[in-house]
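Student: Build me a model:
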Amino acid sequence: MADPDDPTPNRPEPPPPAWRVLEEEHLQHCKVFDVHRATMESPRTGDPHPFYRIESPDWVNIVALTRDEHLVLVRQFRHGSRTVTLEIPGGLIDPGESPGQAAARELLEETGFRAGRLEDLGSISPNPALFGNRVHMQLALDCEQVDVIRNESTEHTTFELLPARDLRGVVREIGIDHALAVSALYAYEIWRDASR
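Tutor: Numbering: from 1, shown residues only. The predicted structure is shown next:
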């Protein structure tokens, strides 16, 4: 039972109110995203503050599994970290595409593998402090290699197969450290456990 004299009672508070947009300005178009600055009014103090937002199309990430329970992973150079990373296939959803269509296309382009079937693992916000888009997570099952990798001029991916049983060890040892890839792999594990 809660103590009525306790100054910090364990009661949920109502959510904070939304901030009001006073002014918004487009700052830069950067091919795959746009940068905006907005002057926002604090609902608590009424003071104006500048905030920056990155607008991008939605993305798709694909957890791809072969029939013999191997994950199809990609290695590529990432310009933000300036390192070669190990992660799952993914990319932008093109105008008019569904997440499933984008997943099938990106998987084939980046790895040469085609999915036998796709399952929707849901979508998440990549970083609500800066981004307004969603990352759609797709599970590609019964994947088989049917083509060569077809990278665009700004891409260079290679693929490798990882036994699914080794996934947790690789993530635990930070062999895969792309946060959105780890989120999709976790969503896959939830789906797998629920499907048993």
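
Student: Please, where are all the strands along this structure?
Tutor: 20-29, 34-41, 48-55, 59-66, 70-78, 83-87, 90-92, 113-114, 117-124, 135-145, 158-163 (DSSP state E).

Student: got CSV for those, with mean pLDDT too?
Tutor: Shown next, in CSV, are the strands of the chain (pLDDT from 0 to 100):
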stretch, mean pLDDT
strand 20-29, 97
strand 34-41, 97
strand 48-55, 97
strand 59-66, 98
strand 70-78, 97
strand 83-87, 96
strand 90-92, 96
strand 113-114, 98
strand 117-124, 98
strand 135-145, 98
strand 158-163, 96
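
Student: As JSON lines, the ones you listed with mean neighbour count and distance to residue 107 would be great.
Tutor: Bear in mind the C-beta positions are built from the backbone N, C-alpha and C, glycine included. Formatted as JSON lines, these follow (neighbours: other C-beta atoms under 10 Å; distance: least, C-beta to C-beta, whole Å):
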{"stretch": "strand 20-29", "mean neighbour count": "11", "distance to residue 107": "28"}
{"stretch": "strand 34-41", "mean neighbour count": "15", "distance to residue 107": "27"}
{"stretch": "strand 48-55", "mean neighbour count": "14", "distance to residue 107": "25"}
{"stretch": "strand 59-66", "mean neighbour count": "26", "distance to residue 107": "5"}
{"stretch": "strand 70-78", "mean neighbour count": "18", "distance to residue 107": "7"}
{"stretch": "strand 83-87", "mean neighbour count": "15", "distance to residue 107": "13"}
{"stretch": "strand 90-92", "mean neighbour count": "20", "distance to residue 107": "9"}
{"stretch": "strand 113-114", "mean neighbour count": "20", "distance to residue 107": "6"}
{"stretch": "strand 117-124", "mean neighbour count": "16", "distance to residue 107": "9"}
{"stretch": "strand 135-145", "mean neighbour count": "21", "distance to residue 107": "6"}
{"stretch": "strand 158-163", "mean neighbour count": "14", "distance to residue 107": "10"}
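
Student: Those: which one's closest to residue 181?
Tutor: strand 83-87 (4.2 Å; C-beta to C-beta).

Student: Tabulate the CA atom coordinates of the top helix by length along the chain in CSV.
Tutor: Longest helix of the chain, by residue count under DSSP state H: helix 179-195. Extracted C-alpha coordinates of helix 179-195, given in CSV (Å, rounded to 0.1, in the frame of the first residue of the first chain):
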residue,chain,number,x,y,z
ALA,A,179,21.4,-1.0,-33.7
LEU,A,180,18.6,-1.3,-36.3
ALA,A,181,20.0,-4.7,-37.4
VAL,A,182,20.1,-5.9,-33.8
SER,A,183,16.5,-4.7,-33.4
ALA,A,184,15.3,-6.7,-36.4
LEU,A,185,17.2,-9.8,-35.2
TYR,A,186,15.5,-9.5,-31.9
ALA,A,187,12.1,-9.1,-33.6
TYR,A,188,12.9,-12.3,-35.5
GLU,A,189,13.7,-14.1,-32.3
ILE,A,190,10.3,-13.0,-30.8
TRP,A,191,8.6,-14.3,-34.0
ARG,A,192,10.5,-17.6,-33.9
ASP,A,193,9.6,-18.2,-30.3
ALA,A,194,6.0,-17.4,-30.9
SER,A,195,5.9,-19.7,-33.9
